[in-house]
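Engineer: Return a 3D structure for these sequence lines:
(one chain, ligands or ions: 1)
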Amino acid sequence: MRPERTTPDDQTTPDVAALRALCEDLARRTAARLREHRPDRVEVLRTKSSATDVVTAADADAEAFLRREIAAARPDDAVLGEEEGATAGTSGLTWVVDPIDGTVNYLYGLPSYSVSVAVVSGAPRPDSWTVLAGAVHDVVADVSTSAGQGLGAATDGRRLWMTDGVEVAGMLVGTGFGYDPELRAAQGRSAAILLEHVRDLRRIGSAALDLCRVASGQLDAYYEEALGPWDHAAGELVVREAGGVVVGVGGGAPDHRMLLAGSKSTVAVLRTLLERTGVGARVQR
Ligand code: LIP
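Structural biologist: Purely as a prediction, here's the structure:
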């Protein structure tokens, strides 16, 4: 594929529509591979930050598949993946991939897990990158949500557009918890305070799907700490292109300390409340 176009000053500019289509195709085919190859009994291959932070053979296989397909289609691009880390490139673009977002749900056979594929320009860090295109494929439902910079966001081709103005007491808020027991205890205390103010919480277990649910209006907001860049690269573009905002501590860029997504007014209210409970001040990595 030739996703760049040359401009009069001979600078290549990424063809966002073509990159979006490639994100969708890669996520869709990886999801199909996960469905077709799911074993009767899923085994844990290894653990990472704690005994509950697991990697299965399917995570490793799916990321290897994504890397092969990206190398074939975009040989000069870099890759940043949850399981194999960073691979350098020369094009200035980086593919940020989570082969299974919601690995614990995959392990237990719970239907909320996805393949998240994004392509960014600039340094592959949430405080520096520009997300050009992204796709989140819901593996079990076989539903594709994608976005391109300036092109909007859509689920299976249906345009997504968020509404504004939900009162705090009416907010349905998604969240998740880290793998460190001490952090989880603190997060539980924050969640208990939040429950005094909002409609309810939902803990779905896939940040990428949570962000798609914010963009579709199935959640009013989503926040989480200790996320990896691959968890939210695609989903944050989906929310922004659906008219929402995605912020971090103090309203800056989202990162491992905190990610908060929702409509502009929802985020403005929730961020203050969350930071008062300690969210954003306790994850330093
Ligand atoms: C998951 C995130 C989820 C979080 C889980 C886990 P993974 O990513 O998507 O939001 O709550 O703890 O981090 O590890 O399944 O790719």
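Engineer: By proximity to the ligand, which residue of this structure wins?
Structural biologist: Closest to the ligand within the chain is Gly176: 2.4 Å, counting by C-beta to the nearest ligand atom. C-beta coordinates here come from the backbone N, C-alpha and C atoms, glycine included.
Engineer: list the contacts for that residue?
Structural biologist: Arg203, Ile204, Gly205, Ala207, Asp210, Glu224, Leu227 (C-beta atoms under 8 Å, 6 or more residues apart in numbering).
Engineer: For stretch 89-99, list every residue counted as buried.
Structural biologist: Gly89, Leu93, Thr94, Trp95, Val96, Val97, Asp98, Pro99 (16 or more other C-beta atoms under 10 Å).
Engineer: And stretch 263-279, by the same measure?
Structural biologist: Those would be Ser263, Thr266, Val267, Val269, Leu270, Arg271, Leu273, Leu274, Glu275, Thr277, Val279, for stretch 263-279 by 16+ other C-beta under 10 Å.
Engineer: quick one on the thing from earlier: how about the buried residues of stretch 89-99 in a markdown table, adding secondary structure?
Structural biologist: Output for the buried residues of stretch 89-99, formatted as a markdown table (DSSP: H, G, I helix; E, B strand; the rest coil):
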| residue | secondary structure |
| --- | --- |
| Gly89 | coil |
| Leu93 | strand |
| Thr94 | strand |
| Trp95 | strand |
| Val96 | strand |
| Val97 | strand |
| Asp98 | strand |
| Pro99 | strand |
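Engineer: closest to Val249 among those?
Structural biologist: Val96 (20.8 Å; C-beta to C-beta).
Engineer: State the distance from that closest one to Arg203.
Structural biologist: As judged by C-beta to C-beta, to the nearest Å, Val96 and Arg203 stand 24 Å apart.
Engineer: Wait, Arg159 touches Leu151, no?
Structural biologist: No - the pair Arg159 / Leu151 is not scored as a contact, 10.2 Å apart, by C-beta atoms under 8 Å.
Engineer: Just confirm yes or no for stretch 182-196 near the ligand.
Structural biologist: No - interface with the ligand: stretch 182-196 contributes nothing (C-beta under 6 Å from any ligand atom), its closest point being 9.6 Å away.
Engineer: Just the buried positions in that stretch, please.
Structural biologist: When burial is assessed from 16+ other C-beta under 10 Å, stretch 182-196 yields the following buried residues: Leu183, Arg184, Ala186, Gln187, Ser190, Ala191, Leu194.
Engineer: Next secondary structure element downstream of the helix or strand hosting Ala234?
Structural biologist: Using DSSP states H and E, Ala234 falls within helix 229-241. Following helix 229-241 in sequence order, the next helix or strand is strand 245-247 (DSSP H and E).
Engineer: Which residues does that following strand contact?
Structural biologist: Strand 245-247 has contacts (C-beta under 8 Å, 6+ apart) with 211, 232, 236, 239-240, 253-254, 259-264, 267, 271.
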